[in-house]
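Asks: need the 3D shape of this:
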Amino acid sequence: MGKGIFTIGELVQKSGVSIRTLRYYDSIDLLKPSDYTEGGHRLYSTEDLSTLQNIKSLQFLGLSLKEIKDMLQKNKIKGEIILKSLNNQKQLFEAKQLEIINILADLNHLIETVKDEEVINIEIFCAMLQKLMFAENTETWFKEHFSKDITDELFSINKSEELDLDRKWTKVLSEIKHLTFTDAIPSSKEAQETVRTLLQLMNETLKGNLDLVEKKLPFTETFKFPNPFTEQEQLFLKEAISIYQNNCQETVKN
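Replies: Coordinates of the predicted model:
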């Protein structure tokens with residue numbers, strides 16, 4: 001091709017826009033070829049390339065192809081329309097920026113939580129991920145079931161406290177899985193000590209509101225909290241907790 005004349009394939013290489021898109025632009029009279037070869041193939045000029053770059057630029061503002069077509073035909077537009085589009089895009093990217101900041105914070109949190117672990121159980125790790133992913137759902141559930149004072153207390157936790165709690169949870173959950181894997185007896189000293197640690201950690205996480213929360217948790221609940229335990233582990237834990245609570249009751253009676 002001569003200088004400044006491009007085939008559709010060459011225009012694709014220069015612009016990054018697909019052949020399908022260029023054909024569509026042609027069909028809606030947004031960007032038509034300047035000429036055709038004898039065989040009927042589309043040919044584009046340097047001016048067409050410039051127009052295509054303008055289309056891509058205006059699309060960045062979130063404008064529709066219809067709006068862009070009208071702008072290019074008139075070659076001018078009211079300043080308030082551009083200003084509105086710029087503000088809309090600014091808000092969109094600010095929302096994305098906040099989302100990225102939150103994701104980075106979650107990733108840093110996970111890095112700090114697991115960096116000293118030689119081996120990581122996938123079920124526990126996935127439960128940690130779910131905890132972060134569904135944090136808003138968890139907070140909403142608490143707001144629906146508890147007073148504002150209790151909810152504010154539960155969720156007013158700084159990053160250092162949250163990291164400390166998650167490390168403790170990782171440790172105790174791993175211990176429970178290890179006990180089940182080694183066929184430990186629920187009444188054994190090791191199992192009972194782990195249950196005591198678990199219940200203390202639950203109460204610490206819930207800022208002393210463990211009993212209150214347990215009363216609010218029905219057997220069938222629309223919102224499910226992350227559960228890293230298999231059915232076998234849940235049965236083991238249920239029996240171990242039952243033994244622990246019975247022993248505590250016996251101690252109180254005596």
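Asks: show me this protein divided up by domain.
Replies: 5-77, 78-114, 116-253 (automatic domain parsing).
Asks: can you pull out the strands in the stretch 1-150 of the chain?
Replies: Applying DSSP state E, counting those that start in this stretch to the stretch 1-150 of the chain gives strands spanning 5-7, 35-36, 42-45.
Asks: still on that earlier bit, could you export the domains of the chain as CSV, including mean neighbour count and mean pLDDT?
Replies: C-beta coordinates here come from the backbone N, C-alpha and C atoms, glycine included. Shown next, in CSV, are the domains of the chain (neighbours: other C-beta atoms under 10 Å; pLDDT from 0 to 100):
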stretch, mean neighbour count, mean pLDDT
domain 5-77, 14, 92
domain 78-114, 12, 89
domain 116-253, 14, 84
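Asks: can you add distance to S27 and give the strands of the stretch 1-150 of the chain back as a markdown table?
Replies: Listed next are these as a markdown table, based on distance: least, C-beta to C-beta, whole Å:
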| stretch | distance to S27 |
| --- | --- |
| strand 5-7 | 18 |
| strand 35-36 | 15 |
| strand 42-45 | 12 |
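Asks: N121 and K177, how far apart?
Replies: For N121, the distance to K177 (C-beta to C-beta, to the nearest Å) stands at 6 Å.
Asks: returning to what we had before: out of the strands of the stretch 1-150 of the chain, nearest to S85?
Replies: Closest of these to S85 is strand 42-45, at 27.0 Å (criterion: C-beta to C-beta).
Asks: quick one, phi psi at G40?
Replies: phi 90, psi 10 (degrees, to the nearest 10).
Asks: need the contact list for it.
Replies: Contacts of G40 were listed using C-beta atoms under 8 Å, 6 or more residues apart in numbering, and none were found.
Asks: that one and S18: what is the separation?
Replies: Taking C-beta to C-beta, one finds G40 at 20 Å from S18.
Asks: next one: K66
Replies: If you go by C-beta to C-beta, the gap between K66 and S18 works out to 20 Å.
Asks: over to S160?
Replies: In terms of C-beta to C-beta, S160 sits 49 Å off from S18.
Asks: what of I5?
Replies: Taken as C-beta to C-beta, the span from I5 to S18 is 20 Å.
Asks: now L201
Replies: L201 is 55 Å from S18, by C-beta to C-beta.
Asks: leaving out the residues flanking it, which one is nearest to S45?
Replies: S34 (4.3 Å; C-beta to C-beta, 6 or more residues apart in numbering).
Asks: isn't that neighbour up against T46?
Replies: No: the pair S34 / T46 is not scored as a contact, 9.4 Å apart, by C-beta atoms under 8 Å.
Asks: quick one, helices of this structure?
Replies: 8-15, 19-27, 46-59, 65-74, 79-114, 122-133, 135-145, 148-155, 159-181, 189-205, 210-216, 231-253 (DSSP state H).
Asks: any idea how far T37 is from the residue lying closest to K32 once chain neighbours are set aside?
Replies: Take K32 and drop its neighbours on the chain: the residue closest to it by C-beta to C-beta, 6+ apart is D26, 5.4 Å away. Going from D26 to T37 by C-beta to C-beta gives 15 Å.
Asks: correct me, but L65 touches L31?
Replies: No: if you go by C-beta under 8 Å, L65 and L31 don't touch, sitting 10.0 Å apart.
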